[in-house]
Every structure is written in structure tokens, then in C-alpha cells.
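Asks: build me a model:
(chains A and B)
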Amino acid sequence: MTRAAATPYEGDGMTERATEQDKYQPTVIEPKWQATWEADGLYKTDMTDESRPKHYFLTMYPYPSGNLHVGHWYAQTPADAAARYLRMRGNNVFFPMGFDAFGLPAENAAIKAARDGDTSVHPASLTRQRMAKMTEQFKQMGAMYDWSRTLATCEPEYYRWNQWFFIKAYERGLAYRKESYVNWDPVDRTVLANEQVIDGRGERSGALVERRLMPQWHFKITDYAEELLDFDGLDWPERVKTMQTNWIGRSEGATVTFASEAGPQLEVFTTRPDTLWGATFMVLAPEHPAVAEVTTDDQRADVDAYVEAAGRMSEIDRQSDTREKTGVFTGGYAVNPVNGKRIPIWVGDYVLVTYGSGAIMAVPAHDERDFAFARKFGLDVIPVVSPAGSEPLDGDSMTEAYTGDGVMINSGPFDGTPTGKGDGAGDGIAKVVAWLEEQGAGERKVTYRLRDWLISRQRYWGTPIPMLYCDQCGIVPEKLDRLPVVLPEDVAFMPTGDSPLNHHESFLNATCPECGGPAKRETDTMDTFMDSSWYWFRYLAPDLDDRPIDETLAKRWTPVDTYTGGIEHAILHLLYSRFFTKVLRDLGLVDHGEPFLRLRNQGMILGSDGEKMSKSRGNVVDPDDLVERYGADAVRAYLMFIGPWDQGGPWNPKAIEGVVRFLHRVWSTFVDPADSDAAVSDEDLADVRRSVHQTLENVTEDFDGFQFNTAVAELMSLQGVLAKAKSKALEATEVWQESRKLFLLMLAPIAPHLAEELWFRSGATASVHLEDWPDVDRSALETDSITLVVQVNGKVRGQVEVPTAASQADIIAAAKQDENVARYLEQGDIKREIVVPGKLVNFVVKA
RNA sequence: GCCGGGAUGGCGGAACGGUAGACGCAGUAGACUCAAAAUCUACCGGGGCAACCCGUGCGGGUUCGAAUCCCGCUCCCGGCACCA
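Replies: Next up, the predicted model:
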């Protein structure tokens, strides 16, 4: 394949013609190469090619907001450079792109329009328009996306498989409907998963969430809590692993059953079974099911009022840690199973119904929260742990709980036993747990903070949950062969925001898959994180219409080798995806349980004022403008150059011009004829080669480590070296040919259009993007002589040039010759001589 | 409070325990120009005429040698947090 490489002529005078034609004009060459690459199918991955190792390189797909912003460019173009590098390294790289197309913003736009009396806006058409626009914008990045395999999650061809998985999970007991306290976002009018509530507010709307008791669909992610804590074999940032570990929140301890005098058995979870003998009261969460039963008649009014008040309180108020403890006595008593002691049962909202069993045994002497509660309400404080080597505690006079280890006291058979988990001095906990199990009073238990994934959303623009409610058969899943349950598009949006599905008769009224009688469809849709929990499998075969995943391609291409995206998904999307992959594994659909082997996060690009870009701040930078002004290559290179990719940083409108200047200099270095008549010596040639191969070595390392900023800096330096060395004589040499070739190969992942243009201009007949990454020629790095730093007592006092092969003795001798060094050596006796090969000499001198 | 990450010129940032500040921005001077822009060249942490001295958040330590390793702090960012 041969192509014309000349840029179109646009001037009209002879002088202008000569200069204009040879200028770097990104706006001319970039569309040209994009069209050529597309026509040639240059980035279409041959999924069956087994001659090279495969590499699945995935970037998080975007929500179709309507416009690409700089953040998209920052997420995508350095990732594209890394993918291109991996391709040049001999991998068969698959680099797809698609759209996370369901979600609230499009639906909210339709509702807002409906409020204004405009009923023509529909999330489906809006989303499709936006995807078309963004696809065109994506193509201007010059990224190597394989557009032959793409997807949009809002299409029935995609979401029918969400429904299919949902039913499979339901059949396995992994999807269930349960009435529970959920987070209701009053602005977005839907429930939210715990993961979507930040500081008591809806992640999207910012509204204070309310607690509501509602029947909702859940996925049983808690079944996988233990497995999700295992990151073995994953090359992921420590930060993300820590965040997920914190979120899952594993606690080891024991459950202990307390009998209440009113009847119900009250189970508590404790991480300190070694303090059981110090339990002086119990506290139930206000929502605990046994509250009414243990409450005595004379306390009932108080308890009811307290429970009702707690229910009205917002989550954020209730969880505030500055609040004083509140509670009320139920009048009921329980019996501590280890010592038969009668203890009062209280209700207090510092106990959460969602954690453990919603009830605690309170050991005020050794727990800060229980201590505060006991002091406020005048409850007993009985120390059962004595700090090693100090006076025993006194329950009446202590001013704070003692939470450290020590020796068990007042603890019946365990008096004298050192407390602890077994990793320190004592293992009282293990001993007590063993004893509890023996007595049948309790057992070892691991509790997690992680809650089941609440997947129902009371919204229209999402995957319909494929369940029906039949008067005869109860809750029934749709038959797999009747999928998809199509989301009707002929709907009217309510100004109230109420889901149109609630009012769509032909959707609502269906036949029961079991008995054929009338049944009502579930009108809740799925959380859009369902869509993104398996989409990378679907990219492999997006058109497959009889099953969700092509198992042959999945076996070869998954797990994803490299996944990149923002840190904001550290918990939500990444945890759900790990969970879902394990479910797919257990359903027998895939052969692995971890979706993403290597994870890298990019940071956030801020406005030039250092604040988050937003229209209201007026600090938004529009990538379309930048591309028009500087070219896509310049935007790419600048975003890579700005600093470490995982750090992000403010946009600097002046600094991008430095990168633009660099690209222009690259152009002129390889296009403009040399004007120097200087002769070229063998030494000059060796110097040029050394610079080129040294740069290659460094840039290779940079790409391996996702250090795009230093890769660009290296190329800037090399351009400077080449421009300085350039002469008519040098241009005639093979060294120059090689230098240009290697430079363009290294530039290709960063500035793919410019590299391609210069590649063809230098006589190539096939794309630079089909080339292999070059090897470093070690012999080019060798030198005859080397400059060493000479230190005296660790301070630099001179430099010395020695033959590369010089012996230590020769080096030391040469170093002593340096005039300045000699002055310092005279000030004392040389105690030590240290030679670091290739680096330095250090003399230790003492007077 | 617990966990993780960070602090280097005017700014963004470089630096396997071995010349701190690569590369870029900004700045200064010069060349080109009638002039400016663009471009090119040189300089560009602080102090000092200089030799040198000081300098990587703070205080110690290890080492021939520390931005880098260890101990103790300060501040900043992120996660978790009345989670029993």
C-alpha cells in the first residue's frame, strides 16, 4: 500500500507555496490519516490470530453525556498510547470502546422537558444522538479503537442478557427480593445502593437520602465477601485494594445468644468475647424486631416514642459522631449466658440494625461507646480486663474505657488468662470462643460491613427486572426464551418524575410464565452498574444473539489484561465487576473469577484555577477547540506530559504550547533540509547513536511503567540532540536514517498522526503503526571513556575522565590528579577509597 | 481514631542509596526584524567577587554518601468510621 504523503497546497504565491507546503499542519494531516486508517481497517483486531500473544486493553466506557470533555481525553489518549505500545511490542491488542448508555441524566432531561410542556424529548433518541456525536469526537483522538466491536447498553440486544443473568442468579438464590431499610433519594426519586451514598447524600443528586422500608431486589454479594478480600495475582494500585478492603470491612469475633425474660433469644456479635463477663446491659437498634416484645408496658410509651423519633431522623443526623448518645430502657431484662447475670435491655440508635445482628452486649469498662452510654444513664461499669503491670481498674472511678489488652479478671473460669487475638501476648479470645462453642452459648463468627447489592431502581431508563407478580404463582421469573422484556419506548414522561412504566398498561399487564394467567410486571429497573459488570465479555461478540458470551473468545481473551479508568470507581464498579465475574464463573460461563489483571488509574484534569472543571466556574476547556487549534497529537502529547498519569492536575493553557512547539520542531528536524555544512566525524555518529539508543531504553521503561510524562520528556531531549547535530553530511548517513526511524517509532504511540505522516515522508510504504517496537543496540551505548564524579567526604570536588575499561587503581590514581581534589586530600589522611563503577569515586579523609 | 498516598525552584514536575532540580512553563539577556510576533542562542534554587556555603515539610538516626532507608513528628489528599 502506497500513499501520497504531500499535504494539499492552499497558498497562491511561489514563496508562500514553498513554505506553506512544508509546515506542520495537524488539521490537514490528522483527518487524512484517520480516514486512511479507517478505510484500511488498521485497528480491527483479528480475534482468531494466535500467532501473537493476545492483550485485552480496556478503558472504562463512558456515559453518553453528549460531548467529550478534557477528562475523556485524559482517560483515553494516554491509555491509547499504552495500548499502541503493547501492540508494537508484538501483542495482538484488542482495544474496544462503547457506551454505558442507560442512566438518569437522559431520563431527567426528558422529565424536565415534560415539565416545560415539551413531550418530544425521549431518553432513547437523546442517548442515541449523543452516542453518534461522541463517536465522531472519539474518532478525532486518533486512538486505535476497534469500532467493529462496540456496544451500547441501552439496546435490547445488550440488556436482554442482563435479564438472562438476573434470572440465572435468581435461580441460584443470588438474586432475591427483600423488604429492608433502603436509601431513598427524594430528588432522583429512586433507591440507591449503599455504595452510591456519600456522607448521607445521593452520589448524583446531592440530596439527603431518607431511610425507607421497601421491598427491593438485591444481589447476594455478601456471599462472596471473603473471596473479594483476596487480591492475589492482581496487579492493582494499593489504594484501590485498600479501599475495597475497608468497604468490605471484615471483623472476626463471635455471636453469643442472650435469653430475654420476655422470651426472644437475642443474638449479639462481638469482637471481644474475652470481655463477655463485663457485659452489664444490652442495646438493641430501634428497628430491631424484638424491641416491642421485650418492652414492658410501663416503658412502652417511652420506647415507642424513641423508636418513632429514630425512624424520622435522617441518616446523616443519626450517624453524626458528635452527637451525644441517646437511648431508652425497655424495662426488659436478659441473662448473660456466661455468668447468669441479669442485665437490662436498652434501645439506642448507636446500634445499627444493618450491622451484625442489630443488637449488642454492652461492656462499658472496655468499649468507649458503651462507656459513654453507661455513664450517661448510670449503668454499671465492671472491669474484666486488668492492664498488665498496673493497678486494677475501678468501675466507679474510671474516666474512660480501657480497650487494650491485659489479664482477664472477674471472668469465672478465665481469671488470669491474658486477653488477645493470639497474635500478641495472649489468646483469650480464641479460648473464650472455644469454651462458648463447647457450652453451646455462642460460636466463632466473621461479620462484614459489606451489605448485599441493592439493584432495584424506581426509574424508567434502565433494564427492566424480568420478574412478574402472579396472584396464583407469586413471584415468577420471565421465561428465558421470552427475553428480552423490552423497555417500551412509547411512554409519556411525568413532570413528577414518576416512572412511566407504572402507567404503561401493555407493559404492566402480562401473562404469568407459569400458569398463563394474568400477572403484573415488575416496574423497577436495574442499577446501571449491572450493565457495566460484564460488558467486556460482550465486546468480544456483541452481535451474538443466542447467548450472552462467546465462550471460545472469552476463554482466549479474558480476563482483561489491562484496565484503566478513574479512581472514583474503586469501590462501585470494580467491586461489582469482581463479584459478577465470580458469579459467571459459578454459573459455568467463564473459567476465571477475576475480571481485570492489571489496573491503572488516571487522575483528574482540573481547570487552570486548580478547581474541578464546571460550567458554573467557567473553567472548562473544550477539547474540540484545542484539536482545531493545536491538533489531536498536541492535545494527546500535552496530556501525557503534564505529570504522572495517576495524579492528574490543573490544565495549563501556556504549557500546551511548549508541547506544540516540540511537535513543530520534530517536523522541522525531519522535513526541513539541513543548512549546516559541518563535517561529521565517527565520534559524532557514535554520540548520535548513543543518544538514540539511550532514549529508546528509557522510553521503553517509561511505557512499561505508564510513565508517559517522562517518555515525552525523553523524546524532547532527543529531538534537541538531533536538531543540534543535524547537518547535510549527517543526513546522508545511515545513522541519521536509523535515528529518524527510531524516533518516529517512539513517537508513534504518543502522536500517531505526526509519526505516520513523517514515516511516509521518509519513504515508507506501510503504516508506522504496523511496525515492531525496536530493540536497544547495547553496543551503541558503549563508550571509550567515561566521566566520573570525584567526591571527598561525600562532597563533589571534581570530575575525571577515564577509559571505560580502567581498573579501580587507575581510576583512583586519575581522581587524585584532579587539582581541586588534591587540595582536599591534603587536609588529612585517606581512610577509605570508594569506587562506584561508572558513577563516582569517593575519598574518605580524616585530619 | 484506623488504613492508604503525598510534601522537591516562581509553577507542572525529574532523579536503580551516588553531581538534586531532567523535560516543560514563566522569567532575563542576546540574535533576526524598521518594530513586534514567531523562531533561534545563552542564562535561569538561595547566598557569595571567588574558593565555596546553604538547600528536597520538621527533628533525630543508619551510611563513605540520604529527596530516596529507619525512628519520631507536622501538614495536605483519599478511603473507612457510634460497624460492636
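
Asks: what bits of chain A have low per-residue confidence?
Replies: Scanning chain A for pLDDT under 70 picks out A:1-21, A:315, A:320-322, A:423-425.

Asks: and the residue of it that's closest to RNA strand B?
Replies: In chain A, the residue that lies nearest RNA strand B is A:G658 (2.4 Å; C-beta to the nearest atom of the strand). Any C-beta I mention is one placed from the backbone N, CA and C, and that applies to glycine too.

Asks: residues of the helix or strand hosting that residue that come out buried?
Replies: Using DSSP states H and E, A:G658 sits within helix A:655-671. Neighbour counts over helix A:655-671 (16 or more other C-beta atoms under 10 Å) mark A:656, A:659-660, A:662-663, A:665-667, A:669-670 as buried.

Asks: how about stretch A:819-826?
Replies: In stretch A:819-826, counting by 16+ other C-beta under 10 Å, buried: A:821, A:824-825.

Asks: out of those residues, which comes closest to A:F269?
Replies: A:F269 has its nearest neighbour among the buried residues of stretch A:819-826 in A:Y824, at 69.7 Å by C-beta to C-beta.

Asks: residue contacts, the closest one?
Replies: The contact partners of A:Y824, by C-beta atoms under 8 Å, 6 or more residues apart in numbering, come to A:792-793, A:797, A:843, A:845.

Asks: tell me which two of the residues you listed sit farthest apart.
Replies: Farthest apart among the contacts of A:Y824 by C-beta to C-beta are A:R797 and A:V845. That separation is 10.4 Å.

Asks: more neighbours: which of these two?
Replies: A:R797 (20 against 16; other C-beta atoms under 10 Å).

Asks: give me the element that one is part of.
Replies: If you go by DSSP H and E, A:R797 is part of strand A:795-803.

Asks: what residues of that strand count as buried?
Replies: A:797-798, A:800, A:802.

Asks: what's the first helix or strand after the biggest helix by length in chain A?
Replies: Using DSSP state H to define each element, chain A has its longest helix at helix A:682-704. The helix or strand immediately downstream of helix A:682-704 is helix A:708-725, counting by DSSP H and E.

Asks: pull the distance from that following helix to the chain's centre.
Replies: Using C-alpha atoms, centre = their mean, to the nearest Å, the mean C-alpha position of helix A:708-725 is found 32 Å from that of the whole chain.

Asks: contact partners of that helix?
Replies: With contact meaning C-beta under 8 Å, 6+ apart, helix A:708-725 is reached by A:78, A:81-82, A:637, A:640-645, A:659, A:662, A:665-666, A:668-669, A:684, A:687-688, A:691-692, A:695, A:698-699, A:702-703, A:739, A:743, A:746-747, A:750.

Asks: could you flag which of the residues you listed are buried?
Replies: So, by 16+ other C-beta under 10 Å, the buried ones in the contacts of helix A:708-725 are A:78, A:81-82, A:637, A:640-642, A:645, A:659, A:662, A:665-666, A:669, A:684, A:688, A:691-692, A:695, A:698-699, A:702-703, A:739, A:743, A:746-747, A:750.

Asks: could you check how far A:V792 is from A:G705?
Replies: 36 Å (C-beta to C-beta, to the nearest Å).

Asks: neighbour count winner among those two?
Replies: The residue with more neighbours, out of A:V792 and A:G705, is A:V792; 23 against 11, by other C-beta under 10 Å.

Asks: so A:Y469 versus A:V182, what's the distance?
Replies: Per C-beta to C-beta, A:Y469 is found 19 Å from A:V182.

Asks: these two: who's more crowded?
Replies: The residue with more neighbours, out of A:Y469 and A:V182, is A:V182; 22 against 15, by other C-beta under 10 Å.

Asks: can you classify A:T36 by secondary structure?
Replies: With DSSP: H, G, I helix; E, B strand; the rest coil as the basis, A:T36 sits in helix.

Asks: which strand or helix spans the spatially closest residue to A:F57 that is not a sequence neighbour?
Replies: Computed as C-beta to C-beta, 6 or more residues apart in numbering, the closest residue to A:F57 that is not its neighbour in sequence is A:A83, at 4.2 Å. In this structure, A:A83 is located in helix A:70-88 according to DSSP H and E.

Asks: who touches stretch A:60-71?
Replies: With C-beta under 8 Å, 6+ apart, stretch A:60-71 has contacts from A:72, A:75, A:97-101, A:103, A:105-106, A:127, A:130-131, A:133-134, A:137-138, A:152, A:532, A:535, A:563-566, A:569, A:573, A:604-605, A:613, A:620-624, A:626, A:639, A:651.

Asks: one more: stretch A:647-655?
Replies: A:70, A:74, A:602-610, A:613, A:621, A:638, A:641-643.

Asks: in stretch A:138-158, what's buried?
Replies: A:138-146, A:149-155, A:158.

Asks: so what's A:W759 up against?
Replies: A:744, A:748, A:767-768.
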